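Colleague: Sharing a sequence plus its predicted fold:
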Amino acid sequence: MTISWFGFNYFKLQNGDESLIFNPYSLDKVTKFGKAKADMVLFSDPAKIAEVKIDEGAFVVDSPGEYEVKQMFVYGRQIGGQIVYLLIFDGIRVAFLGEFQPQELSNGDLELLEGADILILPVGGAGFLEAKPAAKIISQLEPRIVIPSMHAAGTAQLKTDNVSGFIKEFGVKPEEHDKFKIKKNDLPQDEVKLIILKPQT
């Protein structure tokens, strides 16, 4: 599986001919993205669908529930004003928090998200998670790989914090990648990896 980041909370996951996109929209009202092309397109904020051009062959998910397309399994849960997702893709469990705002996770939330191999979550503030509460959620969920989003490198004109503050708070030496490739057999067993992605242009 290859994970690419396009800024904000826009991620694409690809494995051969199967692909899935999270949140293909900007949050600064200035940045524009091209058409979202994938087998599945997931939205944390259903109101954003109207702003996105989506390939007509894509299966769109914009509400809580369970979904299956090809070999991709998605579980969506409403938390606060938006939807978070757990994805099982290529045998890897990916938790995606999207535009998660600072709040406590309930037992039901933890039941869904605990045990995720990869956790993608915002860390840059601007009304969403900042470094310290993000680190707390990581300690609750105990993923093997953490990928931060919503930091200054990929939020254009939105005023967000640099990822360095989160790196310091989290205390794990990061690896930087243009795109991150991972197989189930290569998941770390005794440590957690911090992966910093460069936004694709």
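Modeller: Received the coordinates, thanks.
Colleague: check which helix or strand covers the residue nearest to Val172 when sequence neighbours are not counted.
Modeller: Leaving aside its sequence neighbours, Val172 sits nearest to Leu194 (CB to CB, 6 or more residues apart in numbering; 4.3 Å). C-beta: built from backbone N, CA, C; applies to glycine. Per DSSP states H and E: Leu194 is located in strand 193-197.
Colleague: burial measure for Thr160, as a count.
Modeller: 24 (other CB atoms under 10 Å).
Colleague: re earlier: Lys173 is in contact with the residue nearest to Val172, correct?
Modeller: Yes: the criterion here is CB atoms under 8 Å, and Leu194 meets it with Lys173 at 7.1 Å.
Colleague: Between these two, tell me which one has more neighbours.
Modeller: Taking neighbours as other CB under 10 Å, Leu194 and Lys173 compare with Leu194 leading, 19 against 8.
Colleague: For the more buried one, list the residues it contacts.
Modeller: Applying CB atoms under 8 Å, 6 or more residues apart in numbering to Leu194 gives the contacts 145-146, 148, 167, 170, 172-175.
Colleague: Now do the contacts for Phe89.
Modeller: Residues in contact with Phe89 (CB under 8 Å, 6+ apart) are 1, 13, 15, 18, 20, 71-73.
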